[in-house]
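Asks: Return atomic coordinates for the entry below.
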Amino acid sequence: MNEEKLQVLKMIEEGKITAEEGIKLLAAVEQRDWESVEGERKAKYLYIRVEDLHTGRKKVNLKVPFFLVNFGMKFLPKEAEGVTQRDLERVIEIARHGGLGEVLEVVDDEDGIKVKMWVE
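Replies: Now for the predicted structure:
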């Protein structure tokens, strides 16, 4: 059993998601695994970094398994740190079609924050 499936089962066990949500996630993992066998290069992780421009300090540095991105989007606010829901949907579409590398960079000079997203 791969690591992603074990993560889903652990989230169910810990009560972070319902069994129904877990089944949907496991089905998505299976579908993704099947598609990757077909020879398409698929994104495995979405990386999100939020940096304080004044100090250079990383405020957020996330590595999210891509199969959780769709699931997690429903918990995000409509706009977070200058990144809109539409921006996130664009990132997902790019990755679904084989796009790898940097997909979004937003700089908010007023708040001194830079948000960068990339897919690998």
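Asks: mean confidence for stretch 101-116?
Replies: Averaging pLDDT along stretch 101-116 gives 85.
Asks: for it, which positions count as buried?
Replies: Buried residues in stretch 101-116, counted by 16 or more other CB atoms under 10 Å: 103-104, 113-115. For every residue, glycine as well, the C-beta is placed using N, CA and C.
Asks: which residues does residue 117 bridge with?
Replies: Assessed by DSSP bridges, residue 117 has beta-bridge partners residue 48, residue 104.
Asks: Can you tell me how far it is from residue 104?
Replies: For residue 117, the distance to residue 104 (CB to CB, to the nearest Å) stands at 4 Å.
Asks: And the helices in the protein, which stretches?
Replies: 3-13, 19-37, 69-73, 85-96 (DSSP state H).
Asks: What average pLDDT does the last one get?
Replies: In other words, helix 85-96. Averaged across helix 85-96, pLDDT comes to 69.
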